[in-house]
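>>> Sequence and predicted structure are below.
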Amino acid sequence: MTTPLLQVRGLTTRFRTERGTVKAVDNVSFDVAPGETLAIVGESGSGKSVTALSLLRLIPNPPGVIESGEILFEGKDLTKISDAEMRAIRGNRIAMIFQEPMSSLNPVLTVGMQIAEPINVHRGTPWSKAMEAAKALLEKVRIPDAAKRLDTFPHQYSGGMRQRAMIAMALACKPRLIIADEPTTALDVTVQAQILDLLKELTRETQASLILITHDLGVVARYADQVAVMYGGRIVEQAAARDLYKNPRHPYTRGLLSSVPRLDGDTSKRLVPIEGQPPDLSRLPAGCSFAPRCKQASSECLKQQPALRERAPNHLSACILDAIQ
Amino acid sequence: MPSNSVHPPSDELLRVDNLKVHFPVSGGGLFSKTTLSVKAVDGVSFALNRGETLGLVGESGCGKSTTGLAILRMLPLTAGRIHFEGKDITAQDARRGEFRQRMQMVYQDPYGSLNPRMRVRDIIGEPLTVYNRAENRSDYEDRIAGLLKTVGLLPDMADRYPHEFSGGQRQRIGIARALALEPSLLICDEPVSALDVSIQAQVVNVLMDLQDRLGLSYLFVAHDLAVVRHISHRVAVMYLGRIVEIASRDDLYQRPLHPYTQALMSAVPVADPEIERNRPRMVVTGEVPSALKPPPGCRFHPRCPMVMDVCRTVDPVLNEMGDARSVACHLHAQPVHLIRNAVPEAVSA
Ligand SMILES: Nc1ncnc2c1ncn2[C@@H]1O[C@H](COP(=O)(O)OP(=O)(O)O)[C@@H](O)[C@H]1O
Ligand SMILES: Nc1ncnc2c1ncn2[C@@H]1O[C@H](COP(=O)(O)OP(=O)(O)O)[C@@H](O)[C@H]1O
Ligand SMILES: [Mg+2]
Ligand SMILES: [Mg+2]
């Protein structure tokens, strides 16, 4: 096995709010190998974005704090390095793409300047050269008329083009890891396919690793090598994509797969909803956070928090029933 | 499930003929007097039978919501006629029209669409009060309890306020309210899009059960092709204010004919890596152009991988293909049996 590019161990991030402490990310561990795509999949509020922001140390403090854990990247523990060292990694060795490009693009700067900036800052490349590189990047993400588009502003771009520009910005310094947080959730499906195809192609070409955050099980199936399923701030199942879909082990994963209609599903079969609703992270139950919705839950599940363990080769699941079966 | 009954529902409940809704917008410069118009819906025709679900799909801005609101007569029509339960309701008003007791709407946003200061009882009961449908207090209470049960909620929930409910429950409260006047048609505009994936099935199942029990018809507007396939008997695909293809559910999903339908189907990933690996892909470039200035000829031609010369200048009509399918595409200007072999296979069911 190759050494992982990123190793996350016991990452725990909390927010202190009026309603109490929110355990947004609780004891999360995973690896990302070089060139690999890891999908983090889960419903809204399950802790996906907080996981991503924690990796880049972008958690607003207060109210948030990374309480414990290690984030090992290229031989450094990102939780321990100085702010200056972290700034040198962010946008350089690790890049991020957000769901709403408008919130991360500066409306008063041209797109070209925003792509050139990290090249100038991190690489010390002179501005004129950085702008040339920016143009090449816009061409690479297939923005038509790249030379002209360089000097226009984000609001003159369509939704899909903004996300292309974000990808160009992310790629500017040839990062080893790209974190894309629901990059296409706001886009139409034909544009979603274009953007994700492009992202996949370019990460493959540069051998960068990709953490793809999504709530869409179809997107995971099409683009991911590895999958981590999050529920209530924890990873409940983790496996290679093919393995996860073929042999889902955790009751939540199984529940999700049978509650969502598929384009090729059997339409005579009734959907099986997961009853109840996702947990409130400031009032997590003592035991398994899925237990209140789980059809198989026993009294033991309510008492004891299940550990994420290897239940089959390279297939982790956090369910105490899995050991008994 | 859409019933595979031996006698398919056949009597017509709703007919829409050449519906147009154009929104005037001030165009040009600051002092310009010219008005352009957004051709949000630009010549849409279809029929909906009793007990049937017609899915309406397409990317954002293609005119799905506008079509729904126009049928409910909540928007002025630019052109076209609407027949409902055998009557021409084109000239009727949403507020006064008697038809509005028989045609109700279910909204996308389960948060914004319920008044936070009203108890569930009064939210659901409002239409009963407005139309004086309850005989007395106990009849009113009985009806509320019945409606709550109908959508899978408990009668004692009537005393609570919307914020005490989850998104899925709120959406069911919205459905209960829509059912209060015993309508024959529900226009559902993205009724599950705002819900978490694990919750969507609750609402889909309630709608399908209600149809089985009450024989309701649905115009089911959504952008999620898999949800629409699950719930619909027939499906219409819209692009820039037009229906480009309409067919029975299985015909459309197994053998999409319009290149845009093919592109849509192909863009949606299937939740199975094995299938995804081998699925043929049809990728279209670009994004949907502005409805202010739709392209000449076929509106899809700038993005169409199969574009021909004729497509750039001649607007294709929605052509009857047999099998109750219609397609607006120059590739399919002839009966379907002649071009069957030219059509790529989509995901098979
Ligand atoms: N700035 C914040 N202050 C307080 N709570 C927060 C903050 N950011 C996120 N949270 C909480 O953390 C939890 C996880 O959120 P998030 O990671 O954004 O979920 P996801 O991305 O999976 O939808 C949620 O309960 C959310 O309310
Ligand atoms: N009140 C309005 N005034 C001007 N334009 C509108 C109005 N409502 C909708 N539109 C435009 O009409 C088109 C169709 O919108 P809509 O029916 O909401 O699409 P969909 O529901 O398919 O996303 C869009 O271009 C939209 O911007
Ligand atoms: Mg998020
Ligand atoms: Mg809409």
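Alright, I've got the coordinates. Ligands and ions are numbered 1, 2, ... in the order given.
>>> Now do the strand or helix carrying B:Tyr260: which elements does it pack against?
Assessed by DSSP states H and E, B:Tyr260 sits inside helix B:259-267. Applying 3 or more C-beta pairs under 8 Å, 6 or more residues apart in numbering or on different chains; DSSP states H and E, one finds that helix B:259-267 contacts helix A:189-206, strand B:234-239, strand B:242-248. C-beta here means a position set from N, CA and C on the backbone, and glycine is covered the same way.
>>> any idea of the angle the second one forms with strand B:242-248?
Our comparison of strand B:234-239 with strand B:242-248, counting by axes from the mean of the first three to the mean of the last three C-alpha atoms, to 10 degrees, yields an angle of 160 degrees.
>>> Against which helices or strands is strand B:234-239 packed?
strand B:53-57, strand B:242-248, helix B:249-254, helix B:259-267.
>>> That one pairs with which strands, and in what direction?
In the sheet, strand B:234-239 lines up against strand B:53-57 (parallel), strand B:242-248 (antiparallel) (DSSP bridges).
>>> coming back round to it: and whichever helix or strand comes after the helix holding B:Tyr260, anywhere near chain A?
Downstream of helix B:259-267, the next assigned helix or strand under DSSP H and E is helix B:273-278. Yes - counting by C-beta under 8 Å from any C-beta of the partner chain, contacts between helix B:273-278 and chain A involve B:273-276.
>>> most surrounded residue in those residues?
Within these, most neighbours by other C-beta atoms under 10 Å in any protein chain shown means B:Pro273, with 22 neighbours.
>>> before we move on, the earlier item: need the helices and strands packed on strand B:234-239 in CSV (columns: mean pLDDT, distance to ligand 2 and mean neighbour count).
Output for the helices and strands packed on strand B:234-239, formatted as CSV (pLDDT from 0 to 100; distance: least, C-beta to the nearest ligand atom, whole Å; neighbours: other C-beta atoms under 10 Å in any protein chain shown):
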stretch, mean pLDDT, distance to ligand 2, mean neighbour count
strand B:53-57, 98, 8, 25
strand B:242-248, 98, 12, 25
helix B:249-254, 96, 18, 20
helix B:259-267, 96, 13, 24
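>>> Quick check: mean pLDDT of the one helix or strand B:Asp42 maps to?
Using DSSP H and E, B:Asp42 maps to strand B:35-49. The average pLDDT within strand B:35-49 is 94.
>>> do the same with stretch A:125-134
96.
>>> Which positions in that stretch come out as buried?
A:125, A:130-134 (16 or more other C-beta atoms under 10 Å in any protein chain shown).
>>> Give me the contacts around it.
Stretch A:125-134 is contacted by residues A:112-113, A:115-117, A:119-120, A:123, A:150, A:168, A:172 when judged by C-beta atoms under 8 Å, 6 or more residues apart in numbering or on different chains.
>>> How far away from the center of its chain is that stretch?
Offset of stretch A:125-134 from its chain centre (C-alpha atoms, centre = their mean, to the nearest Å): 30 Å.
>>> could you pull out the strands for the stretch 201-325 of chain A?
A:209-214, A:226-231, A:234-240, A:309-312, A:315-317 (DSSP state E, counting those that start in this stretch).
>>> quick one: stretch A:182-192 near chain B?
Yes - using C-beta under 8 Å from any C-beta, stretch A:182-192 reaches chain B at A:188-192.
>>> Pull out the buried members of the residues you listed.
If we count by 16+ other C-beta under 10 Å, the residues of stretch A:182-192 next to chain B have these buried: A:188-192.
>>> for the residues you listed, which one is nearest ligand 2?
A:Asp188 (9.3 Å; C-beta to the nearest ligand atom).
>>> got the contact list for the residue positioned nearest the centre of chain A?
Among the residues of chain A, the one closest to the centroid is A:Ile213, at 3.0 Å (C-alpha atoms, centre = their mean). Contact analysis of A:Ile213 by C-beta under 8 Å, 6+ apart lists A:39-41, A:48-49, A:51-52, A:179-182.
>>> that older thread, buried sites along the strand holding B:Asp42?
For strand B:35-49, using 16+ other C-beta under 10 Å, the buried residues are B:36, B:38-46, B:48-49.
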